[in-house]
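> Build me a model from this:
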Amino acid sequence: MTSFSALSHLECPRCGATHDADQIIGLCPCGSPLLARYDLPSVTVTPASLADRAPNLWRYHELLPVRSPDNVVTLGEGMTPLLPLPRYGAELGVDRLLMKDEGLIPTGTFKARGAAVGVSRAYEVGVRKIAMPTNGNAGSAWAAYAARAGMEALIAMPIAAPEICRREVTVVGGRLQLIDGLIGDAAAYVREQPGYFDASTLKEPYRIEGKKTMGLEIAEQLNWELPDVIVYPTGGGVGIIGIWKGLLELRELGWISGPLPRLVAVQSTGCAPIVRAWEKGLPESEPWPDAKTVAFGITVPKALGDFLVLQAIAETDGCAVAVDDEDILAEQHKVARMEGSFICPEGAANFAAIRTLRESGWIRADDQVVALNTGAGLKYPETVPLPS
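Modelled structure (predicted):
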């Protein structure tokens with residue numbers, strides 16, 4: 001009988017070293033993020049038997065790192081809808097356009113996936129105090145799940161972060177520290193705080209495991225047939241790396257076959273280090289100066305896992321695209337008017353990219369395209385001016 005989790009060990013994707021998963025650990029000594037690896041041959045659950053499980057991300061518990069169900073910290077996250085966008089898709093010239101709407105998840109963004117799994121596993125290995133820098137949504141999610149677990153949370157975010165995220169951290173009892181600067185400055189503050197486990201993006205191994213469930217769900221929701229293209233707004237890059245990792249695991253299990261979807265990393269022209277690196281053919285990005293965009297969640301001048309994002313794009317024949325803030329806001333409003341979905345700016349960036357890629361022919365008219373809306377537009381009220 002398969003255990004609750006098939007977690008085997010941690011592996012460094014840069015130097016190849018392996019590490020015991022059952023310890024409190026952050027980065028590999030070489031400085032790289034660590035990836036969770038599983039004993040996939042031991043997994044006995046089948047796609048058919050998943051149908052009997054609860055509709056949340058823990059339905060894939062064999063492929064998640066929490067060893068005991070007693071340590072699962074949950075607010076009901078996962079299994080968000082995969083919505084056809086027929087009117088808007090026709091306007092774009094992409095008839096088989098789908099949107100996975102992460103705005104309907106606890107705390108209103110996809111960040112709840114990483115927080116659920118990251119907090120659960122941290123609690124399981126003995127962590128009781130976490131700290132992290134954030135552009136807003138990750139911090140509010142991790143603070144909420146830490147509260148659910150009875151853990152302390154220190155959240156450092158730029159002063160320019162969305163006000164609602166600050167309120168979310170405060171209401172669940174997290175310690176909020178506002179930083180005059182960008183997320184890198186918030187990270188520097190966190191590094192100086194003693195006694196906390198640093199849960200920064202990819203500085204612990206398990207946030208990515210929660211994010212990969214977006215890929216698992218897309219595959220299951222399409223009856224284990226993969227779309228042609230998956231488009232993802234990319235800041236720290238955990239989501240796109242996670243989707244790629246999850247699909248590779250499904251292929252190794254034999255649940256899916258054929259080529260993986262072409263992965264598209266979308267950034268703003270105000271902060272596009274991944275796009276610049278991809279265009280130059282570089283294996284990792286260079287820090288982006290004076291980063292600023294209305295899509296605040298993807299304002300990451302230099303991502304720790306950039307080399308993994310670029311590898312995911314390359315190995316799936318994908319690409320990286322930067323779009324203007326003006327186009328981001330325009331597409332946000334078009335989606336709302338044509339489909340009734342008030343999406344976040346980061347999600348809207350995907351649709352601006354799809355329009356560009358369709359016009360260039362990179363996306364074909366008959367491609368099935370999945371765009372991730374990573375959060376609820378209601379968290380960004382300033383993007384919609386009130387009528388005078």
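
> which stretches of the stretch 201-350 of the chain form strands?
229-233, 262-268, 319-323 (DSSP state E, counting those that start in this stretch).

> CA atoms of the first one as PDB?
Just to be clear, that refers to strand 229-233. What follows is strand 229-233, C-alpha atoms only, in PDB (Å, rounded to 0.1, in the frame of the first residue of the first chain):
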ATOM      1  CA  VAL A 229       0.300  26.100 -24.700                       C
ATOM      2  CA  ILE A 230       0.300  27.200 -21.000                       C
ATOM      3  CA  VAL A 231       0.800  30.900 -20.400                       C
ATOM      4  CA  TYR A 232       2.000  32.000 -17.000                       C
ATOM      5  CA  PRO A 233       2.900  35.400 -15.400                       C
END
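
> what sits up against it?
Applying C-beta atoms under 8 Å, 6 or more residues apart in numbering, the contact partners of strand 229-233 are 215, 218, 239-240, 243, 261-267, 295, 297-298, 318, 346-347, 349-350, 353-354, 363, 367-372, 374. No exception for glycine: its C-beta is placed from N, CA and C like everyone else's.

> So which residues of the stretch 151-300 of the chain form helices?
163-171, 183-191, 207-211, 213-221, 238-253, 273-280 (DSSP state H, counting those that start in this stretch).

> can I get the strands of the stretch 201-350 of the chain in JSON lines with distance to residue 204, mean pLDDT and mean neighbour count?
Listed next are the strands of the stretch 201-350 of the chain as JSON lines, based on distance: least, C-beta to C-beta, whole Å; pLDDT from 0 to 100; neighbours: other C-beta atoms under 10 Å:
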{"stretch": "strand 229-233", "distance to residue 204": "21", "mean pLDDT": "98", "mean neighbour count": "29"}
{"stretch": "strand 262-268", "distance to residue 204": "22", "mean pLDDT": "98", "mean neighbour count": "27"}
{"stretch": "strand 319-323", "distance to residue 204": "26", "mean pLDDT": "98", "mean neighbour count": "24"}
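
> Format those as JSON lines; extra columns: distance to residue 388.
JSON lines is the format used below for those (distance: least, C-beta to C-beta, whole Å):
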{"stretch": "strand 229-233", "distance to residue 388": "31"}
{"stretch": "strand 262-268", "distance to residue 388": "28"}
{"stretch": "strand 319-323", "distance to residue 388": "28"}
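
> Out of the ones you listed, which gets nearest to residue 29?
strand 262-268 (28.0 Å; C-beta to C-beta).

> Next, the angle from that closest one to strand 319-323.
30 degrees (axes from the mean of the first three to the mean of the last three C-alpha atoms, to 10 degrees).

> helices or strands next to strand 262-268 in the packing?
Applying 3 or more C-beta pairs under 8 Å, 6 or more residues apart in numbering; DSSP states H and E, one finds that strand 262-268 contacts strand 229-233, helix 238-253, helix 273-280, helix 306-315, strand 319-323, helix 345-360.

> Show me what that strand is in contact with.
Contacts of strand 262-268 (C-beta under 8 Å, 6+ apart): 228-235, 237, 240, 243-244, 273-275, 278, 293-295, 298-299, 309, 312-313, 316-325, 328, 349-350, 352-353, 357.

> which among those end up buried?
The neighbour-count test (16 or more other C-beta atoms under 10 Å) marks 229-235, 237, 240, 243-244, 273-275, 278, 293-295, 298-299, 309, 312-313, 316, 318-323, 325, 328, 349-350, 352-353, 357 as buried among the contacts of strand 262-268.

> Can you report how many residues lie near residue 242?
28 (other C-beta atoms under 10 Å).

> Quick check: residue 84 vs residue 352, distance?
Going from residue 84 to residue 352 by C-beta to C-beta, to the nearest Å gives 20 Å.

> How about residue 364?
Counting by C-beta to C-beta - residue 364 and residue 352 are separated by 18 Å.

> most tightly surrounded among the helices of the stretch 151-300 of the chain?
helix 207-211 (a mean of 30; mean count of other C-beta atoms under 10 Å).

> Send over that helix as PDB, restricted to the C-alpha atoms.
What follows is helix 207-211, C-alpha atoms only, in PDB (Å, rounded to 0.1, in the frame of the first residue of the first chain):
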ATOM      1  CA  ARG A 207       6.300  26.000  -2.000                       C
ATOM      2  CA  ILE A 208       7.000  24.700  -5.500                       C
ATOM      3  CA  GLU A 209       5.200  21.400  -4.600                       C
ATOM      4  CA  GLY A 210       2.000  23.300  -3.900                       C
ATOM      5  CA  LYS A 211       2.300  25.300  -7.100                       C
END
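
> and for that helix, what are the contacting residues?
Under C-beta under 8 Å, 6+ apart, the answer for helix 207-211 is 33, 35-36, 57, 63-65, 77, 110, 113-118, 121, 199, 201-202, 238-239, 241-243, 245.

> Now do stretch 192-205: distance from first to last residue.
End-to-end distance for stretch 192-205, by C-alpha to C-alpha, to the nearest Å: 21 Å.

> for stretch 335-349, that is, sorry about that
Stretch 335-349 end-to-end distance (C-alpha to C-alpha) = 11 Å.

> What residues of that stretch count as buried?
For stretch 335-349, the neighbour count (16+ other C-beta under 10 Å) marks 335, 336, 339, 341, 342, 343, 344, 345, 346, 347, 348, 349 as buried.

> between those residues, which is nearest residue 289?
For the buried residues of stretch 335-349, the nearest to residue 289 is residue 349 (20.2 Å; C-beta to C-beta).
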